[in-house]
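Asker: Fold the following.
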Amino acid sequence: MTTTGAIAEGGARGAPEGPWWWARRRSLVLDVVLGLLSALECAAEGVGFAHQIGAPGALGLVLGVPIGASLVLRRRWPIAVVLVAIAITPAEMGLLLGIVGLYTLAASDVPRRLTVVLAGASVVGTFIVVFVRFDQDLAEDGYRPGTWLVTFFAVLMSLGVAAPPVLTGLYVGARRRLVESLRERADGLERELSLLADRAEERAVWARNEERTRIAREMHDVVAHRVSLMVVHAAALQAVALKDPEKASKNAGLVGDMGRQALTELREMLGVLRTSSGEAVVGPSAAAGPQRLAEVAAAASARVSVAGAGAVPAAGDGLLGDGPCLDGLEDLVGQSRAAGMVVELCVEGEERAYGPRVERTAYRVVQEALTNVHKHAPGAKAIVRLAHREGEVALQVENGPSEGGAADAGLPSGGNGLVGMRERVSALGGVFVSGATDAGGFRVSAVIPGGGGAGA
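Answerer: Predicted coordinates:
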């Protein structure tokens, strides 16, 4: 059995468990002691009052004990206890009963109007009794003071008996309610913090999964294109190795260049992954936050593309950048032409600058579409159309059917290219459409809002 279960079972058996139980037990003991003292006081005063009216003293004893003992019920029925104290005021009984009853009434959750009414009734009753009794006692001694003196003394006595317990009770009740309110607020904040922690954990899991997907998509776009071109060149090299040694040598050089570029990009990304992991663990400053790995991969790819075949980035270059942009489409198309593909690039509209994410996404769409042509339609002619429109950029890559005599390079396909393009375009609020053409080819189209990446 767990500790919580044991405590719950012990509480059910009535065992003293927890501060709440001890507080209630102390309150019960205090009420019993006050009830006993009030019963003794009312019994003694009841006997004296019985002698004054000529009744047997036992009658005052019998009536005084239960009246005084009613103080035990002050927490459950504070109004009833105060009413009893007011009722016995003419008999000059129940001083302790009235004081404790008024205190309990003021400290309870009884409406303040009712508390004021009962406290006023107690003050009036005490004033009348004290006024009459004081005047009678002075008259018996043969002293006749002015009415103002008797009134002043009666007011002083009545307020002195009722005001302190009422004011103290109001203060204690207000403080108790404040403490309960603060406790409830603290419990609410604790629950809210727990919910926020759960949400933060869920968001962290979502962010990790999203980052993994983004890294996988970026590495697929960066590496797959070059590796595909390497395979195409290798197939061409194999076909012309004996017939045309000069062309075979040229293809071999292109394969080497593509391989070096692919290795350089992989080395860049893996190096950044290791550096980012080390900084996240032992880095002295976490204010800058971890670098976005997808941005780093894109920047590495762009720098290698611009540097040319076999180029290695300079040691002082930063790892963060805007990534590939639309200005690199000529080089991208040129690489496919060098691999033997017939590619036509058509640009419409006035060239303008877009956000980094928009240009990078457009570049990746064209890159992946050309890679798919190499994979699935060897020897087919491709047309790349780029249109600069008002507030958006439109792309279309269309290829015809594969030539029957073209050799299939046997490139594997994981089916992630179209999915990755759609995810990239949709993330910027664009539209992506792909499908076969009536001529037996394939078409990829995308429309991307021009401001989709400006604020990133």
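Asker: Which helix or strand lies directly C-terminal to the lowest-mean-pLDDT helix or strand in the chain?
Answerer: When each helix and strand of the chain is scored by mean pLDDT, DSSP states H and E, helix 3-12 comes last, with a mean of 42. Remark: after helix 3-12, the chain's next helix or strand is helix 18-52, criterion DSSP states H and E.
Asker: how about that next one: buried residues?
Answerer: 31, 34-35, 38-39, 41-43, 45-47, 49-50 (16 or more other C-beta atoms under 10 Å). For every residue, glycine as well, the C-beta is placed using N, CA and C.
Asker: what residues does the helix or strand that it is followed by touch?
Answerer: Counting by DSSP H and E, the element after helix 18-52 in chain order, helix or strand, is helix 57-69. Residues from elsewhere that reach helix 57-69, judged by C-beta atoms under 8 Å, 6 or more residues apart in numbering: 35-51, 84, 88, 93-94, 96-97.
Asker: make it 7 Å
Answerer: Counting by C-beta atoms under 7 Å, 6 or more residues apart in numbering, helix 57-69 makes contact with 35, 38-39, 41-43, 45-47, 49-51, 84, 88, 93-94, 97, all of which sit outside it.
Asker: so how far is the very next helix or strand once past that helix from its chain's centroid?
Answerer: Note on helix 57-69: by DSSP H and E, the next helix or strand toward the C-terminus is helix 78-87. Distance of helix 78-87 from the chain centroid (C-alpha atoms, centre = their mean, to the nearest Å) equals 52 Å.
Asker: what packs against helix 78-87?
Answerer: Judged by 3 or more C-beta pairs under 7 Å, 6 or more residues apart in numbering; DSSP states H and E, the packing partners of helix 78-87 are helix 95-107, helix 112-140.
Asker: Who does Val384 form a beta bridge with?
Answerer: Beta bridges link Val384 to Leu345, Val397 when assigned by DSSP bridges.
Asker: Can you list the low-confidence ranges for this structure?
Answerer: 1-20, 137-146, 221-222, 233, 236, 238-242, 269-323, 404-415, 452-456 (pLDDT under 70).
Asker: so which strand or helix has the residue minimising distance to the centre of it?
Answerer: Central residue of the chain (C-alpha atoms, centre = their mean): Leu196, 3.2 Å from the mean position. Element membership for Leu196, per DSSP H and E: helix 147-240.
Asker: And the furthest pair within the buried residues of helix 18-52?
Answerer: Farthest pair in the buried residues of helix 18-52 (C-beta to C-beta) is Asp31 and Ala50. Separation: 27.4 Å.
Asker: any idea how far Val29 is from Arg176?
Answerer: 19 Å (C-beta to C-beta, to the nearest Å).
Asker: The stretch 251-400 of the chain: strands as residue ranges?
Answerer: Applying DSSP state E, counting those that start in this stretch to the stretch 251-400 of the chain gives strands spanning 343-348, 382-389, 392-399.
Asker: Could you say which one of these comes nearest to Gly451?
Answerer: Closest to Gly451 of the strands of the stretch 251-400 of the chain is strand 392-399 (C-beta to C-beta; 8.9 Å).
Asker: just the angle between the closest one and strand 343-348, please?
Answerer: Interaxial angle, strand 392-399 versus strand 343-348 (axes from the mean of the first three to the mean of the last three C-alpha atoms, to 10 degrees): 160 degrees.
Asker: now for strand 392-399, which elements pack on it?
Answerer: Counting contacts by 3+ C-beta pairs under 7 Å, 6+ apart, strand 392-399 packs against helix 356-376, strand 382-389, strand 442-449.
Asker: JSON lines for the ones you listed, including distance to Trp206 and mean neighbour count?
Answerer: Putting the helices and strands packed on strand 392-399 into JSON lines (distance: least, C-beta to C-beta, whole Å; neighbours: other C-beta atoms under 10 Å) gives the following:
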{"stretch": "helix 356-376", "distance to Trp206": "20", "mean neighbour count": "24"}
{"stretch": "strand 382-389", "distance to Trp206": "34", "mean neighbour count": "18"}
{"stretch": "strand 442-449", "distance to Trp206": "25", "mean neighbour count": "21"}
